[in-house]
Every structure is written in C-alpha cells, then in structure tokens.
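1. sequence first, predicted coordinates after that:
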Amino acid sequence: MKSTLTLILSAGAVIAVLFFISSTGKKAPSIPLDKMHHTITIQEGCVTCHAPGKQAPLKDTHPPKEQCFICHKVGNKVMKSINIDLI
C-alpha cells in the first residue's frame, strides 16, 4: 500500500515537472504592429515576404511553414478593431 502511494506521488511529481518545463519554453514572437503586417489575416500573406528567396525567408529549422497563426499571434488585438496610424 505504501509503495503504491509512493509510486502515484512520484508519477504526479514527474508529470508536474514535465508540465512546468514545457510551459516555460521559448515562445514564438508576436506578429509586429507595423504597416507591413497589420493587414495580414491569412497565412498566404506571410509567404509574400517569408518564403525562400524573398526579403525575410524563414530558416530551414523553422517548424511547419503553413501554420503561422498557431504560434504567432497578433501583438495587440485592439489593432484590428480601431483605425490608427501604425508605425
């Protein structure tokens, strides 16, 4: 009985440590709040600059390139709802 409880507590501790490690990893940068990016609403807009041979190509080590908005979020959600002059 005591060994079962120890096993359960140990497994819980390992799960807690793994969760902490995974949540403190490097976060993807936000989509910049500038004139170049403020109209980007679909992934196809990203490849106009970030495709191979373009002005800011992605590194070969970058994760799947057709899923931009899964990691990259708009830096300021208010930007889409008000009309302001962006940088």
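-> On my side now, so go ahead.
2. I'd say I31 and T41 touch.
-> No. With contact defined as C-beta atoms under 8 Å, I31 does not count as touching T41 (10.3 Å). Backbone N, C-alpha and C define where each C-beta goes, glycine included.
3. which one of these two has more residues nearby?
-> When neighbours are counted by other C-beta atoms under 10 Å, I31 comes out ahead of the other of I31 and T41, with 18 against 10.
4. list the contacts of that one.
-> For I31, the contact set (C-beta atoms under 8 Å, 6 or more residues apart in numbering) comprises 37, 40, 72-75.
5. which of those count as buried?
-> Burial by neighbour count, 16 or more other C-beta atoms under 10 Å: within these this picks out 37, 40, 72, 74.
6. closest to F19 out of those residues?
-> Using C-beta to C-beta, H72 comes nearest to F19 of these, at 23.2 Å.
7. show residues contacting stretch 59-75.
-> Stretch 59-75 is contacted by residues 28-33, 43, 46-47, 50, 58, 80 when judged by C-beta under 8 Å, 6+ apart.
8. whichever of the residues you listed end up buried, select them in PyMOL.
-> What follows is the PyMOL syntax selecting those of the contacts of stretch 59-75 that are buried according to 16+ other C-beta under 10 Å:
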select buried, resi 31+46+50+58
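9. could I get the full set of helices for the protein?
-> Taking DSSP state H as the test, the helices found in the chain are 2-23, 43-50, 68-71.
10. just the C-alphas of the longest one, formatted as CSV.
-> What follows is the C-alpha trace of helix 2-23 in CSV, where atoms were taken according to Å, rounded to 0.1, in the frame of the first residue of the first chain:
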residue,chain,number,x,y,z
LYS,A,2,2.8,2.4,1.0
SER,A,3,4.7,1.6,-2.2
THR,A,4,1.6,2.2,-4.4
LEU,A,5,1.1,5.7,-2.8
THR,A,6,4.8,6.4,-3.3
LEU,A,7,4.5,5.4,-7.0
ILE,A,8,1.5,7.6,-7.5
LEU,A,9,3.1,10.6,-5.8
SER,A,10,6.3,10.1,-7.8
ALA,A,11,4.4,9.9,-11.1
GLY,A,12,2.5,13.1,-10.2
ALA,A,13,5.7,14.9,-9.4
VAL,A,14,7.2,13.8,-12.7
ILE,A,15,4.1,15.0,-14.6
ALA,A,16,4.2,18.3,-12.8
VAL,A,17,7.9,18.9,-13.6
LEU,A,18,7.4,18.0,-17.3
PHE,A,19,4.4,20.4,-17.5
PHE,A,20,6.4,23.2,-15.9
ILE,A,21,9.3,22.6,-18.3
SER,A,22,7.0,22.6,-21.4
SER,A,23,5.2,25.8,-20.3
